[in-house]
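Asker: What would the 3D arrangement of this be:
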Amino acid sequence: MPAHFDRFPLRLALTAALLVGAAPARGDLDRCMTPFEEEVHLLVNQRRAQGGVCGSTVYPPVQHLEAEQMLQNAAKRHSEDMALRDFVDHENPDRATFVDRVLAEDYPAAALAENIAA
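Answerer: Numbering: from 1, shown residues only. The predicted structure follows:
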């Protein structure tokens, strides 16, 4: 991972699995991570601790990521929206972006990025 990413406080937003019925009900969002999310969080941090090589560039180990409830809520709501409205994209059909979703959670955004996997 490029060194400039270490200049910002990084947080981990885990996107819920896109399986029929897997999206959480709105009332269930403000809770701890599921066992699956905890495992992904652990694996990501283990990999970050190893550093990496991309082509001829060697990257040193980087700081671990901490789970952030506000970002998890935004990601889970987006996963629910994608499952219910049958789309997979960073922008929803109403043209709301991940920045809109994060700001709606009142997260004090400084540097943001999003990954989506299906």
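Asker: Helices of the chain, start to end?
Answerer: For the chain, the helices defined by DSSP state H occupy 35-50, 69-85, 98-104.
Asker: For Asn92, which of the ones you listed is the nearest?
Answerer: Checking the helices of the chain against Asn92 by CB to CB gives helix 69-85 as the closest, at 5.6 Å. For the C-beta atoms, the positions are set from N, CA and C on the backbone; glycine is no exception.
Asker: where does this structure have its least confident helix or strand?
Answerer: The weakest-scoring helix or strand in the chain, judged by mean pLDDT, DSSP states H and E, is strand 11-12 (a mean of 38).
Asker: looking at the helices of the chain, which is buried most?
Answerer: Each of the helices of the chain was scored by mean neighbour count; the highest is helix 69-85, a mean of 19, by mean count of other CB atoms under 10 Å.
Asker: Quick one: list the elements packing against that helix.
Answerer: helix 98-104 (3 or more CB pairs under 8 Å, 6 or more residues apart in numbering; DSSP states H and E).
Asker: And the helix it packs on, what does it pack against?
Answerer: Using 3+ CB pairs under 8 Å, 6+ apart: helix 98-104 touches helix 69-85.
Asker: and the direction of the helix it packs on versus that of helix 35-50, what angle?
Answerer: 120 degrees (axes from the mean of the first three to the mean of the last three CA atoms, to 10 degrees).
Asker: Just the CA trace of helix 69-85, in CSV.
Answerer: Taking C-alpha atoms only, helix 69-85 is exported to CSV below (Å, rounded to 0.1, in the frame of the first residue of the first chain):
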residue,chain,number,x,y,z
GLN,A,69,-19.3,1.9,13.6
MET,A,70,-20.5,4.9,11.6
LEU,A,71,-18.7,3.6,8.5
GLN,A,72,-20.0,0.1,9.1
ASN,A,73,-23.5,1.5,9.3
ALA,A,74,-23.1,3.4,6.0
ALA,A,75,-21.7,0.3,4.3
LYS,A,76,-24.4,-2.0,5.6
ARG,A,77,-27.2,0.4,4.6
HIS,A,78,-25.7,0.6,1.1
SER,A,79,-25.5,-3.2,1.0
GLU,A,80,-29.1,-3.4,1.9
ASP,A,81,-30.0,-0.8,-0.7
MET,A,82,-28.1,-2.7,-3.4
ALA,A,83,-29.8,-6.0,-2.4
LEU,A,84,-33.3,-4.5,-2.3
ARG,A,85,-32.9,-2.5,-5.6
